[in-house]
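*Asks:* everything below, folded, please.
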Amino acid sequence: ISSTSLTTCTGVQFNLTPTGTPVPFGTTYSWDAPFMDGVADGVVASNASSFSGTLTNSGTTVGTATYFVIPNVPGGCTSAGFTITVSVFPVAIATEINLTTCTGVPFSFSPVGTIPSGTAYSWSSPTGGASGGSAASNQSNFNGSLTNTTNAVVTGTYFIRPTSSGCAGPGFTATVSVFPSAAINSISITTCSGVPFAPSLSGRIPDNTSYTWSLPAGTSNLNGLAGATNASSFSGTLTNTTNATRTATYFVTPNVTGNCTSAVFSVFVTVFPSVSVNDIAFTTCSGVPFAVTPVSGTIPASTTYNWSTPTVSGTVGGATGSSAGATNINGNLTNTSSTISTATYTVTPNPGAGCANGATFTVTVTVLPIPVVNLAADITSGCAPLCVNFTDLTTVANGGNVTQWNWNFGGDGSSTSQNPSHCFVTPGQYSISLTVTSNGGCTNDTTITNMINVFANPTAAFSWNPDPASVLDTIVSFTDQSSSDVTIW
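*Replies:* I've put the predicted structure just below:
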């Protein structure tokens, strides 16, 4: 029988029936313990019907066992011995795998343990909460990519079968923990100047997500700008120093457990201004409506005003509070005294857009009394043409004086002189009006009804009888035929 060789896998029983020319029927075989290189568990045998055994290779390279086998033929005839060399291939024995990865990020891992060179790995689709995993065959390492669509860590569990040189090793599990990434929606928010903001974010937000951002863009006339690193929430406080809205654009990076890369999202913060109005003082005349729109300070276009009844110094009527949401400070005050009086309003401004009221300011209104108009004429009746000298008798309180006059002579003419003269040529009655303006800009007027009476001149006429007269009749009778308005003859 010729020497021969065979291959087997560690722990797998081998069996060989030797062949030769010839091998007598009934031949049995005996052998001593083999010479072993990198293998174990070789044993002796006597009178075995075939050559068989099981060897163990605990290494990572091929081991050998060399047996010297003696054939035993019937009749006790001596036969030459021969050698059988058994090559024993190891199998891969890998430790369990526990990996962490980020959603959608490919992973690759070479198993560790007793791993022969050239070991290949096969596995079926994983189980667990992760998605996107697939089966594979004859891979040089363990690899793949899993997706986590939740906001918490999920796992994918694989059962892996290693094979080396055709020898199958024991299967093992690989548990892959998949960390989620954040997918946060960009948002636009509004806030008021100086009011902290911390908007609610939406999208996929893993537990314990923190946020990092740098100074925002588009920040002209905004104070309070700041970035942050690993903040537990997105928040801030901005102050708008203008009277119009301003917008800051933040680019925010979410930081999730596992250091998984997440997409940057934007937060557009529109900051409404606050309102600050400087005190106001002005002068008006008694009974003249006023409406003051503040212009000095930081005043948004949407600002409205509220005020209560003003504080009065002197004699002022018409002092009332405001209705809600007035767009200006308005009123109509009267001063019935002969001295200057004041009304001081305490006004609360509101900038609109739901923002808080600004600091109160005062509006001080000085109310001038109106002139007391009076007039006189040197003659009020007579025959046409009637020439009259008029005198302005107006008085202005508190040392004031009249600066403008407007006389109306009952439709028969007018004058802007202080003390005009006017001749009425048409008989009739005339109402005289005078309108004056004081040095404080206050006006008043008066009218005296039918102040001037102009009479027509009488017509003189008479008749006599006899007509013509005669010396024969020396008595003549005269009869007045003058106009009927004659009273003296």
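*Asks:* every contact and neighbour count from this point should use C-alpha atoms.
*Replies:* Noted.
*Asks:* can I get stretch 20-34 in CSV, CA atoms only?
*Replies:* In CSV, the C-alpha atoms belonging to stretch 20-34 read as follows (Å, rounded to 0.1, in the frame of the first residue of the first chain):
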residue,chain,number,x,y,z
GLY,A,20,-3.0,-1.0,-3.1
THR,A,21,-2.2,-3.8,-5.5
PRO,A,22,-3.6,-5.9,-4.1
VAL,A,23,-5.1,-5.4,-0.6
PRO,A,24,-6.1,-8.8,0.6
PHE,A,25,-9.6,-9.3,1.8
GLY,A,26,-9.9,-8.9,5.6
THR,A,27,-6.9,-6.7,6.0
THR,A,28,-6.9,-4.6,9.1
TYR,A,29,-4.7,-1.7,10.2
SER,A,30,-2.8,-0.7,13.2
TRP,A,31,-0.9,2.5,14.0
ASP,A,32,0.8,4.3,16.8
ALA,A,33,0.2,7.9,17.9
PRO,A,34,1.1,10.2,14.9
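*Asks:* for it, what is the average pLDDT?
*Replies:* The predicted model assigns stretch 20-34 a mean pLDDT of 90.
*Asks:* how far does it sit from the chain's center?
*Replies:* Put simply, stretch 20-34 sits 94 Å off its chain's centre (Cα atoms, centre = their mean, to the nearest Å).
*Asks:* check which residues of that stretch are buried.
*Replies:* Within stretch 20-34, the residues that qualify as buried by neighbour count (16 or more other Cα atoms under 10 Å) are T28, Y29, S30, W31, P34.
*Asks:* need the max-distance pair from those.
*Replies:* Greatest spatial distance among the buried residues of stretch 20-34 (Cα to Cα): T28 and P34, at 17.8 Å.
*Asks:* all helices for this structure, in order.
*Replies:* Counting by DSSP state H, the chain yields no residue ranges for helices.
*Asks:* in it, where's the longest strand?
*Replies:* Taking DSSP state E as the criterion, the chain has its longest strand at strand 443-455.
*Asks:* which strands and helices sit next to it?
*Replies:* If you count contacts as 3 or more Cα pairs under 8 Å, 6 or more residues apart in numbering; DSSP states H and E, strand 443-455 packs onto strand 381-383, strand 428-438.
*Asks:* can you give the distance from the shortest one to the centre of its chain?
*Replies:* If you compare the mean C-alpha spot of strand 381-383 with that of the full chain, they lie 83 Å apart, counting by Cα atoms, centre = their mean.
*Asks:* buried ones in it?
*Replies:* Within strand 381-383, the residues scored as buried using 16+ other Cα under 10 Å are S381, G382, C383.
*Asks:* so what's the second one up against?
*Replies:* G382 sits next to N453, V454, F455 when contact means Cα atoms under 8 Å, 6 or more residues apart in numbering.
*Asks:* in the sheet, who's paired with it?
*Replies:* Going by DSSP bridges, G382 is paired in beta bridges with V454.
*Asks:* so S46 makes contact with S30?
*Replies:* Yes: judged on Cα atoms under 8 Å, S46 makes contact with S30 at a distance of 4.1 Å.
*Asks:* any idea what sits nearest S137, other than its immediate chain neighbours?
*Replies:* S122 (4.1 Å; Cα to Cα, 6 or more residues apart in numbering).
*Asks:* contacts only, for the one you found.
*Replies:* Applying Cα under 8 Å, 6+ apart, we find S122 in contact with A135, A136, S137, N138, Q139, I160, R161, P162.
*Asks:* quick check: the second one touching S124?
*Replies:* Meaning A136. Yes: under the criterion of Cα under 8 Å, A136 makes contact with S124 at 6.5 Å.
*Asks:* separation between R161 and F172?
*Replies:* 7 Å (Cα to Cα, to the nearest Å).
*Asks:* which one of these two has more residues nearby?
*Replies:* R161 (21 against 17; other Cα atoms under 10 Å).
*Asks:* residue boundaries of the strands in the stretch 251-400 of the chain?
*Replies:* Counting by DSSP state E, counting those that start in this stretch, one finds strands in the stretch 251-400 of the chain at the ranges 265-272, 276-277, 280-285, 290-292, 297-298, 304-307, 311-313, 329-331, 341-350, 361-368, 375-377, 381-383, 386-392.
*Asks:* quick one: those as JSON lines, columns for distance to L16 too.
*Replies:* Output for the strands of the stretch 251-400 of the chain, formatted as JSON lines (distance: least, Cα to Cα, whole Å):
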{"stretch": "strand 265-272", "distance to L16": "71"}
{"stretch": "strand 276-277", "distance to L16": "105"}
{"stretch": "strand 280-285", "distance to L16": "117"}
{"stretch": "strand 290-292", "distance to L16": "117"}
{"stretch": "strand 297-298", "distance to L16": "104"}
{"stretch": "strand 304-307", "distance to L16": "106"}
{"stretch": "strand 311-313", "distance to L16": "123"}
{"stretch": "strand 329-331", "distance to L16": "115"}
{"stretch": "strand 341-350", "distance to L16": "103"}
{"stretch": "strand 361-368", "distance to L16": "112"}
{"stretch": "strand 375-377", "distance to L16": "152"}
{"stretch": "strand 381-383", "distance to L16": "164"}
{"stretch": "strand 386-392", "distance to L16": "151"}
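*Asks:* that older thread, out of the contacts of S122, who's nearest A377?
*Replies:* A135 (121.2 Å).
*Asks:* report the separation between the closest one and T119.
*Replies:* Between A135 and T119 the computed distance is 17 Å (Cα to Cα).
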